[in-house]
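1. The sequence and its predicted three-dimensional model are supplied below.
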Amino acid sequence: MRILPLVALGVTVAACSMDQDSSRSFPLAPSLDRAGNVVGQVYSMSNATSGNSVLAYNRSADGSLTYSASYPTGGLGTGGGLGNQGGIQLDESGKTLVVVDAGSNEVSSFRVNGDGSLTLADKVASGGTMPISVTISGNLVYALNAGGAGNISGFTLSSQGDLTPIAGSTRPLSTSASGPAEVSFDASGKTLVVTEKNTNRLSTYSVDGNGVAHGPTVTPAAGVTPFGFAFTNNGTLVVSEAFGGAANSSAVSSYAQAGDVWAVISASVPTTETSACWIAITNSGRFAYTTNATSGTITGYAIHGGALTRLDADGVTGNIGAGSAPTEMAISRDSKFIYAFSGTTHRIAAFAIGGDGSLTALPDWAGGLPASANGLAAR
């Protein structure tokens, strides 16, 4: 493991974890689908201690969501915040869904049927303790385990959704108390990145032809408390920075890969908001968005040559509402809509994405998620 010099701050960000009262009950009542034209789905997970389930919503052409069904994973949730991004993920084809079972140290996979319904395919041990994030590239899946000393661990994914552990793929994080948030492949599938909140580091792993990860090589993050991230198709890495939850201090940085490390393109471009924790990028790679958990807003950025420019001077591209505590986001496959989970109102907020990156709130937001819900994926 090679480490570039860095001061480890040991930061924790309660605002980004959004621990909820899992004793509260919220029935999953269907919402009205006015358009009546299903074109895709949005998935979340219950993360319930009594049994984790994937919660499916049908997406209509106008962006509205209608609750569809609940699909048990066979594993357990934790009933509270995971301080993560990417707990539930679709593969590139949209035909396989993988989800963490953080309470039982497992990972579950589903086949996605033509109508968006799910069939449980497999459930395996995550290779560590308390998996919080998963990532998929081709026939490879990696899980990020946040419990204990923390690690990443890899699996092969069959066409039927079966998961098989990859021998020698389990690798450590940069330290035993790194406070990881997310693991993700880059667009090539040859590089894995983990953001570490407590150390302010980006841990990078190379993946060989057998799917085995090597590393990590560690790069200091441009800002404090790197959290969620995503890649553009040309390899630009965009990372949110919560800055320890300091008021109006969060930011977003972008990077270009330089061998095994990351070169800063735009360093800590302010959101002007508080607790930026999650990142989503449009298919075109032109726009990136971050949810500000404490401010209840979404900040949008234009991406030009990897450089970031805030879309709105005040940092408010989308307003979910004071006290709404927005967490993870998902962008529809056609990049026409962005969805964000409100951690306090237990709804999925929906916005239409304009050609200039602007966001227009849709009138109907899907409700009824349990207090413990975590993660979003869209197709």
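-> Nice, thanks for sending it over. Numbers count the residues shown, from 1 in each chain.

2. Could I get the full set of helices for the chain?
-> In the chain, the helices defined using DSSP state H lie at 14-17.

3. low-confidence ranges in it?
-> Counting by pLDDT under 70, the ranges of the chain that qualify are 1-15, 17-36.

4. repeat that for 90
-> Applying pLDDT under 90 to the predicted model, the residue ranges of the chain that meet it are 1-37, 260, 343, 345, 364, 367-368, 371.

5. Tell me where the longest strand sits in it.
-> In the chain, with assignment by DSSP state E, the single longest strand is strand 261-270.

6. That one: partners in the sheet, and parallel or antiparallel?
-> Here strand 261-270 is paired, per DSSP bridges, with strand 251-258 (antiparallel).

7. Same question for the strand it pairs with: list its buried residues.
-> Buried residues in strand 251-258, counted by 16 or more other CB atoms under 10 Å: 251-255, 257. (Each C-beta comes from the backbone N, C-alpha and C, glycine too.)

8. Quick one: distance of it to the chain centre.
-> Counting by CA atoms, centre = their mean, to the nearest Å, strand 251-258 is centred 17 Å from the centre of its parent chain.

9. ok, the closest residue in space to residue 153 that isn't next to it in sequence - contacts?
-> With sequence-adjacent residues excluded and distances taken as CB to CB, 6 or more residues apart in numbering, residue 153 is closest to residue 127, at 2.6 Å. With contacts defined as CB atoms under 8 Å, 6 or more residues apart in numbering, the neighbours of residue 127 are 143, 145, 151-155, 165, 169-170.

10. From those residues, list the buried ones, please.
-> Among those, those scoring as buried are 143, 145, 151-155, 169-170 (criterion: 16+ other CB under 10 Å).

11. Which members of those define the maximum pairwise distance?
-> By the measure CB to CB, 151 and 155 form the most distant pair in these, at 13.4 Å.

12. wait, isn't residue 131 in contact with residue 106?
-> Yes: contact between residue 131 and residue 106 holds when scored by CB atoms under 8 Å: they sit 7.3 Å apart.

13. So which bits of stretch 207-224 are buried?
-> Burial within stretch 207-224, assessed by neighbour count using 16+ other CB under 10 Å, is assigned to 207, 211-213, 215-224.

14. same thing with stretch 112-121?
-> Within stretch 112-121, the residues that qualify as buried by neighbour count (16+ other CB under 10 Å) are 112, 116, 118, 120-121.
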